[in-house]
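1. need coordinates for the following:
(chains A, B, C and D)
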There are 2 protein chains.
Amino acid sequence: MARKTGSHSEITGPLVLNAAQTLFARHGYAAVSMRQIAAEVGVQAGALYNYTRDKQSLLFDLMKTHLDDLFAAWTAVDKGQTPTERLEAFTRFHIAFHLDRPDAVFIAYMELRNLEPQNFEVIEVLRKTYETELENILRDGKDSGEFTLPDTKLATLAVIAMLTGVTTWYRDDGRLSRDRVERIYWNMVRKAVGA
Amino acid sequence: MARKTGSHSEITGPLVLNAAQTLFARHGYAAVSMRQIAAEVGVQAGALYNYTRDKQSLLFDLMKTHLDDLFAAWTAVDKGQTPTERLEAFTRFHIAFHLDRPDAVFIAYMELRNLEPQNFEVIEVLRKTYETELENILRDGKDSGEFTLPDTKLATLAVIAMLTGVTTWYRDDGRLSRDRVERIYWNMVRKAVGA
DNA sequence: GATTGAACTGAACGTCCGTTCATATACTGT
DNA sequence: ACAGTATATGAACGGACGTTCAGTTCAATC
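-> Residues are numbered from 1 along each chain as shown, chains lettered A, B, ... in the order given. Model prediction:
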């Protein structure tokens, strides 16, 4: 592992996080040992503890970083004005962002139950905050009459589930380009909300 | 564990399966030990091996049983005639069946990567066969002009993801009844496929 | 009441787990 | 060249893991 000067930071180092991310995504948190992660980095198990407090911190830091990135990226998006424009922006953003980080997404959705309670709380708040972004768009569209929704909350959950599902089957060398996938999903989302 | 006469069957006994299902759903396959399962049954760990070959068989039998039940139940459904009728039947069936078995559903979607390769193959074929049921409905509807779909395959995956997502948030004591949820989702699915 | 055999216990097996730490090595700044 | 610090090793820790098995219990049968 590359040396560096000065004391290492409080949070887990990026090399270790990368290795953990790959392995957690492939085999699951509980099934991956610190020795496996160390081997992936090219180091003995003991050395990992210069970069992370413990195994649980690896999982938490992965999820926290992922969600921080998510908000940073969403904040930077040019969102348009009308609810319909904003919904298209959200749809395309969500798909594009998630397709760029299949491992992080997989972990964020599958390993929630392996977070210790206090860590879970932090992550859950962030996750719900993101959901609220979509919910607000849908509510605004319903209020303005642009959308026809039987239930805003359920529509939020349905759209999120539908969009996140893309990561389970999309392959870069597959039949459809990312842009084509975004377009097709936006088409379905738009119709589903009656816009 | 209750005694019985005669030799036990080749597949895992139902008491053990129930305990394993509960624990696997709550904590994940890799995080649950045979001793925990035994404690849930009210027995020592060694006794489990009178009812199952090994831990992996527990997981496989749970998934296989779940999918067998799924096909048996779907076969028994009164499916209607037109693609629209059939799609409504599928939507309502999928939600109702999955809400009745939250633990089995959770395991079937989360623990695929913990199946040994030959077991995974078996389960994957069954899962895809079920997906094809929906895909056939959507294709028939597209061919007959009842549905407007940009891409049949993606619509299949999108609808499945959307419907299965219900199990992650639905609570029996929540705001909406099952029938209400089925109705709302059918409304969204119908619009998404342009019917 | 003796015999059978399934069901269960409790201990043991070898292995792996997360984590710690004394020690050794490599680098940085002087 | 040396001191000082950062980083790595490799062994060790207590404990848990999946699985096996000799021995025990007990309901059902004759």
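2. doesn't A:Arg175 make contact with A:Ile184?
-> No - applying Cβ atoms under 8 Å as the test, A:Ile184 and A:Arg175 come out as separate, 11.2 Å apart. C-beta here means a position set from N, CA and C on the backbone, and glycine is covered the same way.
3. name the residue in the two with the higher neighbour count.
-> The residue with more neighbours, out of A:Ile184 and A:Arg175, is A:Ile184; 20 against 10, by other Cβ atoms under 10 Å in any protein chain shown.
4. please list all residues in contact with the more buried one.
-> A:Leu176, B:Pro150, B:Asp151, B:Leu154 (Cβ atoms under 8 Å, 6 or more residues apart in numbering or on different chains).
5. now do A:Leu163
-> Counting by Cβ under 8 Å, 6+ apart, A:Leu163 has contacts A:Thr91, A:His94, A:Ile95, A:His98, A:Tyr185, A:Val189.
6. repeat for A:Thr91
-> A:Val159, A:Leu163, A:Glu182, A:Tyr185, A:Trp186, A:Val189.
7. quick one: buried residues of stretch A:66-86?
-> Neighbour-count burial for stretch A:66-86, counted by 16 or more other Cβ atoms under 10 Å in any protein chain shown, picks out A:His66, A:Leu67, A:Leu70, A:Trp74, A:Lys79, A:Pro83, A:Thr84, A:Arg86.
8. out of those, flag the one nearest to DNA strand C.
-> Nearest to DNA strand C, judged by Cβ to the nearest atom of the strand, of the buried residues of stretch A:66-86 is A:His66 at 20.4 Å.
9. helix or strand for that closest one, which one?
-> Taking DSSP states H and E as the definition, A:His66 sits inside helix A:55-75.
10. now find how far off-centre that helix is within its chain.
-> Remark: helix A:55-75 is offset 8 Å from the chain centroid, using Cα atoms, centre = their mean, to the nearest Å.
11. quickly check: that helix near DNA strand C or not.
-> Yes - interface with DNA strand C: helix A:55-75 contributes A:Lys55, A:Gln56 (Cβ under 7 Å from any atom of the strand).
12. give me the nearest residue to A:Gly165, chain neighbours excluded.
-> Leaving aside its chain neighbours, A:Gly165 sits nearest to B:Ala161 (2.8 Å; criterion: Cβ to Cβ, 6 or more residues apart in numbering or on different chains).
13. neighbours around that neighbour, how many?
-> Neighbours of B:Ala161 under the rule other Cβ under 10 Å: 20.
14. residues contacting it?
-> Going by Cβ under 8 Å, 6+ apart, B:Ala161 touches A:Ala161, A:Met162, A:Thr164, A:Gly165, A:Thr168.
15. which bits of chain A sit near DNA strand C?
-> A:3, A:5, A:32-36, A:45-46, A:49, A:54-56.
16. A:Phe147 sits in which helix or strand?
-> Going by DSSP H and E, A:Phe147 is not in any helix or strand.
17. may I have the phi/psi pair for it?
-> Phi and psi for A:Phe147, reported as degrees, to the nearest 10, are phi -110, psi 150.
18. what about chain A, any weak spots by pLDDT?
-> A:1-11 (pLDDT under 70).
19. in it, what residue lies closest to DNA strand D?
-> For chain A, Cβ to the nearest atom of the strand, closest residue to DNA strand D: A:Gly46, 2.4 Å.
20. how close does that residue get to A:Met34?
-> As judged by Cβ to Cβ, to the nearest Å, A:Gly46 and A:Met34 stand 9 Å apart.
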